[in-house]
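pasting the structure only:
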């Protein structure tokens, strides 16, 4: 049995689909807007140039420039702390900062190594730096990324990014003195590049920045999932109610079928009872024949007997056919005995042909 949706239920489903479509567009818009920048709105950016550092703050309209610090100036950490006052960030709480390097401050190299896990490859890279780096391996900080696996020749291709160690230590020291935690390291003009993992960044700061960047998208997606679950729960509840109604309908149909069968059985039983009652009230054929054979004397014989529900008709011959009327009248089984046609002479001596009928009386 299939239940058709009502017009109100169809309108509800259509409206729900429209709401979900608009919601998906809004979530996509938030996602695309959040994905335009790797830094996120309100993030602090420390951009390193060849001779100066620039402090910026990300905003929806672009990076807002807060000030510059010369690399060779006295007490650069004090200047950096003064510029941090312009960010209006909560005091006493460490802030996350994104360090942005110039492309000429990063050296890109490629290595071809035997196939191994990334953990063992990271340990092998320092031994290969002497061949590909113009600086001593102890004076650089590197980051690596697996580019290609050649399973046939069992070789891997690894991409490296290197910066000077003294530059990295200078950045870390100055940020630490003003209460900044490095959350990410990026290269100017290459926003699509993968974040650095080899540089000594603060993992908790990186996690907080990631959560701030994607929290809106995450919450919107979570709300969408919860709405989908709510709609699914309502749908499943409706399905359960529909199954319960169908089960109850089937049960009632079964009961109605059983009632019809019982009614038919009652009618059949009544017909059988009526039949047996009529049979009991009506004379039996064998009993009538027995009575007839007892009534007709030896001087008479029957050639034909017609029997109905309330009458018997006998054709035959007798020596004295007129005596049969009295014999039938004296019987308790028959009454109103009469000849249906005149007596005729039989073929034998002293025999008369008769046609006699009588009514059958019921004996209770």
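Yep, it's here. Bear in mind the structure is a predicted one, so any value in this text is a computation, not a measurement.

show me where the stretch 101-250 of the chain has helices.
Counting by DSSP state H, counting those that start in this stretch, the segments of the stretch 101-250 of the chain that form helices are 118-132, 165-177, 203-281.

now do stretch 81-89, average pLDDT.
Stretch 81-89 comes out with an average pLDDT of 69.

picking up where we left off before, Throw the helices of the stretch 101-250 of the chain into JSON lines and include mean neighbour count and distance to residue 56, thanks.
The C-beta positions use only the backbone N, C-alpha and C, and glycine is treated the same way. Formatted as JSON lines, those follow (neighbours: other CB atoms under 10 Å; distance: least, CB to CB, whole Å):
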{"stretch": "helix 118-132", "mean neighbour count": "13", "distance to residue 56": "32"}
{"stretch": "helix 165-177", "mean neighbour count": "16", "distance to residue 56": "14"}
{"stretch": "helix 203-281", "mean neighbour count": "12", "distance to residue 56": "15"}
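
now those helices as JSON lines including mean pLDDT and distance to residue 333?
Formatted as JSON lines, the helices of the stretch 101-250 of the chain follow (pLDDT from 0 to 100; distance: least, CB to CB, whole Å):
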{"stretch": "helix 118-132", "mean pLDDT": "86", "distance to residue 333": "119"}
{"stretch": "helix 165-177", "mean pLDDT": "81", "distance to residue 333": "133"}
{"stretch": "helix 203-281", "mean pLDDT": "83", "distance to residue 333": "14"}
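
got JSON lines for the ones you listed, with distance to residue 317 too?
Shown next, in JSON lines, are those (distance: least, CB to CB, whole Å):
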{"stretch": "helix 118-132", "distance to residue 317": "130"}
{"stretch": "helix 165-177", "distance to residue 317": "147"}
{"stretch": "helix 203-281", "distance to residue 317": "34"}
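
which stretch among those helices comes nearest residue 80?
Of all the helices of the stretch 101-250 of the chain, it is helix 165-177 that lies closest to residue 80, at 6.1 Å by CB to CB.

which helices and strands sit right next to the closest one?
strand 44-48, helix 76-84, strand 95-101, strand 140-150, strand 180-187 (3 or more CB pairs under 8 Å, 6 or more residues apart in numbering; DSSP states H and E).

okay, the angle between the second one and strand 180-187?
With axes from the mean of the first three to the mean of the last three CA atoms, to 10 degrees applied, the angle from helix 76-84 to strand 180-187 works out at 90 degrees.

tell me where the model's unsure across the stretch 251-364 of the chain.
The stretch 251-364 of the chain contains residues with pLDDT under 70 at 278-284, 348-349, 363-364.

now do the helices in it.
285-295, 323-330.

comparing these, which comes out most buried?
Comparing these on average neighbours per residue, with mean count of other CB atoms under 10 Å, the densest one is helix 323-330 at a mean of 15.

what sits up against that one?
295-297, 300, 318, 334-335, 337-339, 354, 356, 358 (CB atoms under 8 Å, 6 or more residues apart in numbering).

can I have the buried ones of those residues as a ChimeraX selection?
Selection of buried members from the contacts of helix 323-330 for ChimeraX, criterion 16 or more other CB atoms under 10 Å:
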select :295,296,300,318,334,337,354,356,358
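
turn the helices of the stretch 251-364 of the chain into a markdown table, including distance to residue 238.
As requested, those are exported to a markdown table (distance: least, CB to CB, whole Å):
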| stretch | distance to residue 238 |
| --- | --- |
| helix 285-295 | 69 |
| helix 323-330 | 84 |
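
picking up where we left off before, can you redo the helices and strands packed on helix 165-177 as CSV with distance to residue 172?
Shown next, in CSV, are these (distance: least, CB to CB, whole Å):
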stretch, distance to residue 172
strand 44-48, 11
helix 76-84, 12
strand 95-101, 9
strand 140-150, 10
strand 180-187, 7
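
and the ones you listed, which one averages the lowest pLDDT?
Among the helices and strands packed on helix 165-177, helix 76-84 carries the lowest mean pLDDT, at a mean of 72.

who are the packing partners of that one?
strand 52-57, strand 64-70, helix 165-177.

quick one on the thing from earlier: out of the helices of the stretch 101-250 of the chain, flag the one nearest residue 139.
helix 165-177 (5.1 Å).
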